[in-house]
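In: sequence and predicted structure below; questions after.
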Amino acid sequence: MTEPLYQADASRYDAMPYRRAGRSGVLLPAFSLGMWHNFGSEAPFSNAQRMAHYAFDHGIVHFDLANNYGPVYGSAEENFGRLMERSFRPYRDELFISTKAGYDMWPGPYGNWGSRKYLTASLDQSLRRMKLDYVDVFYTHRYDPETPLEETLQALVDLVRQGKTFYVGISRYPLEAARFAFRYLAERDVPCLLFQDKYNLFNREPETSGVLPLAAEAGSGFVAFSPLAQGLLTNRYLNGIPEGSRMSRNGFLRKEVLTDEMLSRIRGLDRLAQRRGQTLAEMALAWLLRDERVTSVIIGASSVEQIADNLHALQHPDFSDEELAEIAKYS
Ligand SMILES: NC(=O)c1ccc[n+]([C@@H]2O[C@H](COP(=O)([O-])OP(=O)(O)OC[C@H]3O[C@@H](n4cnc5c(N)ncnc54)[C@H](OP(=O)(O)O)[C@@H]3O)[C@@H](O)[C@H]2O)c1
């Protein structure tokens, strides 16, 4: 039997707010969907497809990938390529797709870090896997202390000139390297579109390190990843570690983080969320969006229900001073 063709929901732009990425022409949805987990070859494709369709049907037009998302490496991009062929091809110009290179991808000296050789070959591979002619933004996934930063950044500039990516971004760069990158890219008329960093109620480093204000000053947008601290900032672990959860796999989210102290912080935040009439996930996401410098919040999800819950965050965006003070006690 042939599968029914996907038809995007006609009301997909009705509810999602779009926010400008720094001083650029690009608007991104308040929520983007990341494909780090649950989109690789070891996850059921039917669920990945349901989540991608649901997201797009609700105005989430930005999908965030990287060369090594899986597991296995490359398989999230391959599955995205399947989605392009089956569902999204007619909507390519409505989509904003990112990928990255910077971490371990293939064996030997050219499959990691920040050389021109690695970034260029990796983007070519990503385009083939995703069945795309270009991506919308290509990131250097992390700062490489061994490679001259000029080499990494010039590779990005050249990939724009070659038409393989429209925009460029940097992810997880330390403050001084980020400052250098913003200047270098702007001087070559390829301004940095997005700075991507981990930002959530339990990790406020972008504020304290100064990269959040720096990105804003430099005219770059800022996207927050792991906004729910990989699931800690939800009701997922309030009553133990559910089978199939990210923590149950004990990989990127280790069981050791769920100490009594951590549980009491989560419970405190959960009580506040309930008083606000929200789930903890909704409150944690609304808290990030209250800062206008945050262009988009990249959520991860393992089900359509989680995406639906997270979108409710948009319905109660405001915080009183008392609520912010209470949040500060737990974060
Ligand atoms: N640039 C970088 O270096 C970098 C690094 C990390 C991530 N990222 C990007 O950021 C994206 C998001 O990261 P993340 O997956 O860590 O984000 P996250 O939103 O902090 O965590 C997502 C996980 O939280 C749980 N969850 C989500 N919504 C929930 C809800 N409403 N109720 C209960 N549980 C919920 C799910 O866990 P279960 O799976 O247990 O259900 C889900 O997989 C990634 O996909 C990637 O695109 C970038």
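Out: Ah, there it is.

In: which positions in the stretch 51-200 of the chain make contact with the ligand?
Out: 64, 141, 171-172, 196 (C-beta under 6 Å from any ligand atom). Heads up, the C-betas are built off the backbone N, CA and C, glycines and all.

In: 8 Å instead, please
Out: 64-66, 69, 100, 102-103, 139, 141-142, 171-172, 196-198, 200 (C-beta under 8 Å from any ligand atom).

In: for those residues, which one is nearest residue 133?
Out: residue 65 (15.7 Å; C-beta to C-beta).

In: so who does the closest one touch?
Out: For residue 65, the contacting residues are 34-35, 76-77, 80, 97-100, 126, 130, by C-beta atoms under 8 Å, 6 or more residues apart in numbering.

In: now, which of those sits nearest residue 298?
Out: After measuring those against residue 298 - C-beta to C-beta - the closest member comes out as residue 34, at 4.4 Å.

In: beta partners of the closest one?
Out: Beta-bridge pairing of residue 34, defined through DSSP bridges, involves residue 64.

In: distance of it from residue 127?
Out: With the distance defined as C-beta to C-beta, to the nearest Å, residue 34 ends up 19 Å from residue 127.

In: between those two, who's got more neighbours?
Out: Taking other C-beta atoms under 10 Å, residue 34 and residue 127 do not tie; residue 34 has more neighbours (25 against 19).

In: do you know how far that one is from residue 188?
Out: Plainly put, residue 34 is 28 Å away from residue 188 if you go by C-beta to C-beta.

In: what residue in the stretch 151-300 of the chain comes nearest to the ligand?
Out: Using C-beta to the nearest ligand atom, the point where the stretch 151-300 of the chain gets nearest to the ligand is residue 300, with a distance of 2.1 Å.

In: residues contacting the residue nearest to that residue when sequence neighbours are not counted?
Out: With C-beta to C-beta, 6 or more residues apart in numbering as the measure, residue 34 is the residue that lies nearest to residue 300, at 4.9 Å, once sequence neighbours are left out. Taking C-beta under 8 Å, 6+ apart as the contact definition, residue 34 lies against 63-65, 225, 298-300.

In: residue 196 now?
Out: When contacts are counted by C-beta under 8 Å, 6+ apart, residue 196 touches 139, 169-172, 222-223, 225, 298.

In: now the two most distant members of those.
Out: With distances taken as C-beta to C-beta, the most widely separated pair in these is 170 and 298, at 14.9 Å.

In: which one's more surrounded, these two?
Out: When residue 170 and residue 298 are compared for neighbours, residue 170 comes out ahead with 30 against 23, by other C-beta under 10 Å.

In: I'd assumed residue 184 was in contact with that one.
Out: No: no contact is recorded between residue 170 and residue 184 when judged using C-beta atoms under 8 Å, the distance being 10.4 Å.

In: sorry, back to before: buried subset of the contacts of residue 65?
Out: The neighbour-count test (16 or more other C-beta atoms under 10 Å) marks 34-35, 76-77, 80, 97-100, 126, 130 as buried among the contacts of residue 65.

In: so the residue most central in space within the chain is in which element?
Out: Nearest to the centroid of the C-alpha atoms of the chain, with distances taken as C-alpha atoms, centre = their mean, sits residue 298, at 3.5 Å. In this assignment (DSSP states H and E), residue 298 forms part of strand 296-299.

In: and that strand, which strands flank it?
Out: Each strand that strand 296-299 pairs with, and the sense of that pairing, follows from DSSP bridges: strand 31-34 (parallel), strand 221-225 (parallel).

In: just checking, next helix/strand downstream of it?
Out: Following strand 296-299 in sequence order, the next helix or strand is helix 304-311 (DSSP H and E).

In: and that next one, what does it pack onto?
Out: With contacts defined as 3 or more C-beta pairs under 8 Å, 6 or more residues apart in numbering; DSSP states H and E, helix 304-311 has these neighbours: strand 31-34, helix 45-57, helix 280-289.

In: would JSON lines of these with distance to residue 264 and mean pLDDT be doable?
Out: Written out in JSON lines, the entries for the helices and strands packed on helix 304-311 read as follows (distance: least, C-beta to C-beta, whole Å; pLDDT from 0 to 100):
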{"stretch": "strand 31-34", "distance to residue 264": "28", "mean pLDDT": "98"}
{"stretch": "helix 45-57", "distance to residue 264": "32", "mean pLDDT": "98"}
{"stretch": "helix 280-289", "distance to residue 264": "14", "mean pLDDT": "98"}
